[in-house]
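> please work out how this folds:
(one chain, ligands or ions: 2)
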Amino acid sequence: MDMFCYQCEQTAMGTGCTLRGVCGKDPETAALQDLLIHIAEGASQYAHRTRQLDVPHREADLFVVEALFATVTNVDFDPKRVAELIQRGAAVRNAVKKAYETACQQSGKQPEPLTKDAAIEPAADIDEMIRQGEQVTIQKRIDSLGEDAAGLQELITYGLKGMAAYVDHAHILGVEDDGVYAFIHEAMAFLAANPGDVDALVAMALRVGEVNLKAMEMLDAANTGTYGHPEPTEVRITPLAGKAICVSGHDLKDLKMLLEQTEGKGINIYTHGEMLPCLAYPELKKHKHLVGNYGGAWQNQRDEFDAFPGAILMTTNCIQRPEDGYAERIFTTGLVAWPGVAHIPADAEGNKDFTPVIEAALAAPGFDKDAESKTITIGFARNTVMSVADKVVEAVKNRKIRHFFLIGGCDGAKPGRNYYTELAQQVPDDCVILTLACGKYRFNKLPFGDIGGIPRLLDCGQCNDAYSAIQIAVALAKAFDCGVNDLPLSLVLSWYEQKAVCILLTLLHLGIKDMRLGPTLPAFVGPNVLKVLVDQFNLMPIKTPEEDLAAMLA
Ligand code: SF4
Ligand code: SF4
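Ligands and ions are numbered 1, 2, ... in the order given. You can find the predicted model right below:
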């Protein structure tokens, strides 16, 4: 076996990528990512202990968050950049170790021994570093603990990875919470002890869900505090004549900086994938050259970018191996990276110079003519939906709205995801669909109409906006004076990668029951863990749209 990774839904054979990642991750990068997580666990062990002595360590906070986010699916495929993060991580770990020892001396406390070897010094040579990574693979934990306990450890790790993405985005916009950093270190230190007790692991997984709610709230505050609350907006989904830049990923600040740097340059900016909801933020949509959305979800990018006659900027996760046709026109920034793809760095203040992207857009032909105008309406985040809550409640009480469906989550390349299109199409006319994340591309261009002026399809935003959807459900429950589980609301989720994992853990922490999950169940959930999820939460795999719809409406 050359590698082992089963952190995402498209994992090979539904069990694990062992030769090369279906995503394109090679065994060398996989080993380096395993080593990076190991080094981060070491840093967190010291950071957790120093915090207990009231000595937080900012560098450790930021490093561990970046290390976790960098190993999310489709983020960093560049072994050199991962190796640099490992070296930085070892330096941070050694610094926080020193800070811990000093704090112990000052407080007269005996330093606690670490529960696992946290002292691996990464080799200077990348090949040797890869061999070090091969010693700390997931497979070794599966062999020693069995698939249930090892899978639960991974469930916690993946939840932390997803949470780290939210924490990183919020931090970029200046919103942080010390308690969230403290918990991340505590959970990483817990994992470093190689725990095998299933109850303790399940409890920690639910705590990840609990703290992730805070992380999502921080990101919501960061986005809406900086760019205003999303508002209902009709957006163009077909191109206009002219030079063009397509921005994919999730990062609002990158888009804002690019919009400012392209002002008056005759370049149209398009969102792609999960950047679509940016078109509804007042401080972003006020830029008239942010003209619309191009294409669909992340897994279609290789065809769509090949056909795009301009420059492409990947702001966070979602990158796939670039085709030759656009390899010279695609750029990465933030934590996303692909070997050989030009990367736009940030300076010490977080500012970025997008000149290479702009020059590539000006050198490319651009769209030669306006395509036929087509639009969709987006921007139904919590502020908008709550502002019409009275109308919604009245429509339910008058039996004009029978049921709500939340059909949301990730999209992906594997077959079986047309379930979500068919389900949305079969939802009866007196029901409303809430959606979010890139799975919505399966149906967001279909006509759904409205119920007494309330659109039947309400797009709450990115996967990063799951907080908004949760707040809408909580507000509806309050309006009806009941619990979320008592609402006429069914959740049908699609997952792909680790942000979906942390959202699922948050929903479980909130006690949400009867959720349906697809297109397949995670490979890392062992049979006994699945039994816990079924017994305690009645979590179900999706069946057919017809069967599920009948059951949900019964
Ligand atoms: S991230 Fe997914 S596709 Fe990539 S190696 Fe891991 S399991 Fe395989
Ligand atoms: S919805 Fe899921 S697959 Fe899509 S970008 Fe977000 S996390 Fe990734």
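> list the contacts of Thr377.
Taking C-beta atoms under 8 Å, 6 or more residues apart in numbering, we find Thr377 in contact with 232-235, 455, 459. Quick note: C-beta positions are derived from backbone N, CA and C, even for glycine.
> look up phi and psi at Ile269.
Dihedral pair for Ile269: phi -110, psi 130, per degrees, to the nearest 10.
> hang on, the earlier thing: from the contacts of Thr377, which is closest to Gly24?
Gly24 lies nearest to Asp459 out of the contacts of Thr377, by C-beta to C-beta, at 29.3 Å.
> close enough to count as contact, the closest one and Val385?
No: in this structure Asp459 lies outside contact range of Val385 using C-beta atoms under 8 Å: 10.5 Å.
> the more surrounded of those two?
Taking other C-beta atoms under 10 Å, Asp459 and Val385 do not tie; Asp459 has more neighbours (27 against 21).
> spell out which parts of the chain neighbour ligand 1.
For the chain, the contact set with ligand 1 under C-beta under 6 Å from any ligand atom comprises 5-8, 10-11, 17, 21-23, 25, 73.
> ok so, going back, neighbour-wise, which one of the contacts of Thr377 leads?
Most surrounded of these: other C-beta under 10 Å gives Asp459, at 27 neighbours.
> could I get the contacting residues of the residue nearest to Ser107 when sequence neighbours are not counted?
In space, Ser107 comes closest to Leu53 once its chain neighbours are excluded; the distance is 5.7 Å by C-beta to C-beta, 6 or more residues apart in numbering. Going by C-beta under 8 Å, 6+ apart, Leu53 touches 100, 103-104, 107, 109.
> next, count neighbours for the closest residue to ligand 2 within the stretch 151-300 of the chain.
Using C-beta to the nearest ligand atom, the closest approach of the stretch 151-300 of the chain to ligand 2 is made by Glu274 at 4.4 Å. Neighbour count for Glu274, taken as other C-beta under 10 Å: 30.
> quick check: the gap between it and ligand 1.
17 Å (C-beta to the nearest ligand atom, to the nearest Å).
> and if you look at Arg93?
Taken as C-beta to the nearest ligand atom, the span from Arg93 to ligand 1 is 25 Å.
> with Lys265 instead?
Per C-beta to the nearest ligand atom, Lys265 is found 37 Å from ligand 1.
> ok, so what distance separates that residue from Phe354?
As judged by C-beta to C-beta, to the nearest Å, Lys265 and Phe354 stand 11 Å apart.
> which one's more surrounded, these two?
More crowded of Lys265 and Phe354, by other C-beta under 10 Å: Phe354, with 22 against 12.
> just the strands in the stretch 351-500 of the chain please.
Ranges of strands within the stretch 351-500 of the chain are 375-378, 403-409, 431-435, 450-451, 454-455, 457-459, 489-494, based on DSSP state E, counting those that start in this stretch.
> mean confidence for the third one?
Within the predicted structure, the mean pLDDT of strand 431-435 is 97.
> check the second one too.
On average, the pLDDT along strand 403-409 is 96.
> next one: the residue nearest to Gly325 when sequence neighbours are not counted from Tyr326, what distance?
Of all residues not flanking Gly325 in the chain, Asp306 sits nearest, at 4.4 Å (C-beta to C-beta, 6+ apart). To Tyr326, Asp306 is 6 Å away according to C-beta to C-beta.
> next: Leu85.
As judged by C-beta to C-beta, Leu85 and Tyr326 stand 27 Å apart.
> Asp306 and Tyr326: who's more crowded?
Set Asp306 next to Tyr326 and count neighbours by other C-beta under 10 Å: Tyr326 wins out with 22 against 13.
> thinking again about what came up before, could the contacts of Leu53 be laid out in TSV, adding secondary structure and distance to Pro339?
What follows is the contacts of Leu53, written out as TSV (DSSP: H, G, I helix; E, B strand; the rest coil; distance: C-beta to C-beta, whole Å):
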residue	secondary structure	distance to Pro339
Tyr100	helix	36
Ala103	helix	41
Cys104	helix	42
Ser107	helix	46
Lys109	coil	46
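> what about the helix or strand where Leu85 lies, distance to the chain center?
Applying DSSP states H and E as the criterion places Leu85 in helix 79-107. Distance of helix 79-107 from the chain centroid (C-alpha atoms, centre = their mean, to the nearest Å) equals 27 Å.
> kindly report the same for stretch 442-452.
The answer for stretch 442-452 is 25 Å, by C-alpha atoms, centre = their mean.
> please see if it touches ligand 2.
No: using C-beta under 6 Å from any ligand atom, we find that stretch 442-452 stays clear of ligand 2, coming within 11.5 Å at best.
> in space, not sequence, find me the middle residue of this structure.
Among the residues of the chain, the one closest to the centroid is Lys499, at 3.5 Å (C-alpha atoms, centre = their mean).
> what about the closest residue to ligand 1 within the chain, neighbour count?
For the chain and ligand 1, the shortest gap (C-beta to the nearest ligand atom) falls at Gly21, measuring 2.6 Å. Per other C-beta under 10 Å, the neighbour tally for Gly21 reads 22.
> go ahead and confirm it touches Phe4.
No: assessed by C-beta under 8 Å, Gly21 is found out of contact with Phe4, at 10.4 Å.
> contacts only, for Val92.
By C-beta under 8 Å, 6+ apart, the contact list for Val92 reads 43, 59-60, 63.
> Thr71 now?
Taking C-beta under 8 Å, 6+ apart, one finds 33, 36-37, 161 in contact with Thr71.
> show me which residues of the stretch 301-450 of the chain sit near ligand 2.
317-318, 410-411, 437-438.
> now those residues in CSV, with distance to Lys391 and neighbour count?
Shown next, in CSV, are those (distance: C-beta to C-beta, whole Å; neighbours: other C-beta atoms under 10 Å):
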residue, distance to Lys391, neighbour count
Asn317, 37, 26
Cys318, 36, 24
Cys410, 31, 25
Asp411, 31, 21
Ala437, 25, 29
Cys438, 29, 25
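> let's have those in a markdown table, adding distance to Ala550.
Below are these laid out as a markdown table (distance: C-beta to C-beta, whole Å):
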| residue | distance to Ala550 |
| --- | --- |
| Asn317 | 36 |
| Cys318 | 35 |
| Cys410 | 25 |
| Asp411 | 25 |
| Ala437 | 25 |
| Cys438 | 27 |
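> can you list phi and psi of Pro151 for me?
Quick fix: residue 151 reads Gly, not Pro. Main-chain torsions, Gly151, degrees, to the nearest 10: phi -60, psi -40.
> quickly note the distance from it to Leu504.
Distance from Gly151 to Leu504, counting by C-beta to C-beta: 14 Å.
> of those two, who's got more company?
Neighbour count, other C-beta under 10 Å: between Gly151 and Leu504, Leu504 has more, with 29 against 26.
> any idea how far that one is from Ala466?
Distance of Leu504 to Ala466, computed by C-beta to C-beta: 10 Å.
> my guess is Thr11 contacts Cys5. True?
Yes: assessed by C-beta under 8 Å, Thr11 is found in contact with Cys5 at 6.9 Å.
> number of nearby residues for Ser107?
A count of nearby residues for Ser107, using other C-beta under 10 Å, gives 10.
> which parts of the stretch 451-554 of the chain are helices?
Listed in chain order, the helices of the stretch 451-554 of the chain (DSSP state H, counting those that start in this stretch) span 466-479, 498-509, 527-537, 545-553.
> closest to Lys256 out of the ones you listed?
Closest approach to Lys256 among those is made by helix 466-479 (19.6 Å; C-beta to C-beta).
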